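Chemist: Give me coordinates for this.
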Amino acid sequence: MERLFQKRTAFLLVFLIIVWGVNWPLSKFALSYTPPVLFAGIRTLIGGVLLLLIAIPRYKQIRLKDTWHIYLISSLFNIILFYGLQTIGLGYLPAGLFSVIVFLQPVLLSIFAWLWLGEAMFKGKVLGLFLGFAGVATVSIKGLSGDLSVIGIILALSCAVSWAIGTVIVKKAGNRVDSIWLTTIQLIVGGLFMTVIGSKVENWSSIVWSAPYLLDLAFISVFVIAAGWLAFFHLVNSGDASKVASYTFFIPFVALVTSILFFNEPFTVYLLIGLILIVMSIALVNAKPKLLRKPIKAGANHAKL
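Modeler: Predicted coordinates:
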């Protein structure tokens, strides 16, 4: 049983890294056919509606009367703020720099999980997390050039913070909410909100409903949004949040490789160096120290949501 669980976890991690990695170049491609806020809203809403078909037979597990606030808070941090700030922020900074700042999330998540969830913190884990961030920065170093915008940096940092807080909320909620209903409701609520905002500030007539755009939208809605978030929350709820987050350092690497293969972006030595740093990072974060005396924990008593 344990071996089966490990295989399923490995499969979900690989799936998540691949689909969330290709999401960056696919989203960049889609923006040549559609305004950004409407695209963020439509893809998220479609993903939520698709998951609703799976969630409805589990209607008894929604327990909306007791847990509605968890659904709303998760929708705010994981969807509305994360995708909203991301969509707006990409207009102020190069994509490489923006993604580097956003992938401070695993570092922030590890700190929040230590403070609020009581997860163990070791020197090796701290070093591993910062090596992972260094690897992401190295992979994306080409995007670090160009004009810097204070507003863009603030939006990127806010995006990372909102994602980290949202992940902790999901982990802290634990068995109090059904993971399928949590993912479904937050996608629908967040998708509706961004679609309404997009309708106010952008024009539907600006969308080019071509075959490439529709295929791109379908792939992102089904695999990146619906299946991706479901896999992420399942992994977070079934293990150490900071360890799961450490694997997300691979996502910018996959994004860059995809861009090289399909968008003719150049291969550089930074890609190889970044990959080595990321692998070292994951090894350190997931290592079990031989001399495990008393790991530092924060907060013996954790308040309930």
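
Chemist: quick one: low-confidence ranges for the protein?
Modeler: 1-5, 94-97, 100, 139-148, 240-242, 263, 265-267, 271, 286-305 (pLDDT under 70).

Chemist: That one: helices as residue ranges?
Modeler: Secondary structure of the chain, counting by DSSP state H: helices at 2-30, 36-55, 64-74, 82-89, 95-102, 105-112, 123-139, 150-173, 179-201, 211-219, 228-238, 241-247, 250-263, 269-286.

Chemist: I'd like those helices written out as a markdown table, with mean neighbour count added.
Modeler: (C-beta placed from N, C-alpha, C; glycine too.) Below are the helices of the chain laid out as a markdown table (neighbours: other CB atoms under 10 Å):
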| stretch | mean neighbour count |
| --- | --- |
| helix 2-30 | 16 |
| helix 36-55 | 22 |
| helix 64-74 | 15 |
| helix 82-89 | 22 |
| helix 95-102 | 23 |
| helix 105-112 | 24 |
| helix 123-139 | 22 |
| helix 150-173 | 21 |
| helix 179-201 | 21 |
| helix 211-219 | 15 |
| helix 228-238 | 20 |
| helix 241-247 | 24 |
| helix 250-263 | 19 |
| helix 269-286 | 18 |
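
Chemist: give the contact list for the most centrally placed residue in the chain.
Modeler: Closest to where the C-alpha atoms of the chain average out (CA atoms, centre = their mean) is W163, at 6.7 Å. Residues counted as contacts of W163 (CB atoms under 8 Å, 6 or more residues apart in numbering) are F77, N78, F82, V102, Q105, L109.

Chemist: which residues does A231 contact?
Modeler: Taking CB under 8 Å, 6+ apart, we find A231 in contact with L12, F15, L16.

Chemist: Would you convert those residues into CSV that also reports distance to I42?
Modeler: Formatted as CSV, the contacts of A231 follow (distance: CB to CB, whole Å):
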residue, distance to I42
L12, 26
F15, 23
L16, 22
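
Chemist: tell me the contacts of the closest residue to V222 other than its chain neighbours?
Modeler: Using CB to CB, 6 or more residues apart in numbering and skipping residues adjacent in sequence, the residue nearest V222 is L50, 6.4 Å away. L50 sits next to S221, V222, A226 when contact means CB under 8 Å, 6+ apart.

Chemist: if you set the cut-off to 10 Å instead, what comes out?
Modeler: Neighbouring residues of L50 by CB atoms under 10 Å, 6 or more residues apart in numbering: T184, L187, S221, V222, I225, A226, A227.

Chemist: which of those lies closest to V244?
Modeler: A227 (16.1 Å; CB to CB).

Chemist: Quick check: the closest one vs I180, distance?
Modeler: 11 Å (CB to CB, to the nearest Å).

Chemist: same deal with L155?
Modeler: Counting by CB to CB, the gap from L155 to I180 is 31 Å.

Chemist: ok so, going back, Throw the contacts of L50 into a markdown table and include distance to M280, thanks.
Modeler: Listed next are these as a markdown table, based on distance: CB to CB, whole Å:
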| residue | distance to M280 |
| --- | --- |
| T184 | 37 |
| L187 | 35 |
| S221 | 35 |
| V222 | 34 |
| I225 | 31 |
| A226 | 33 |
| A227 | 29 |
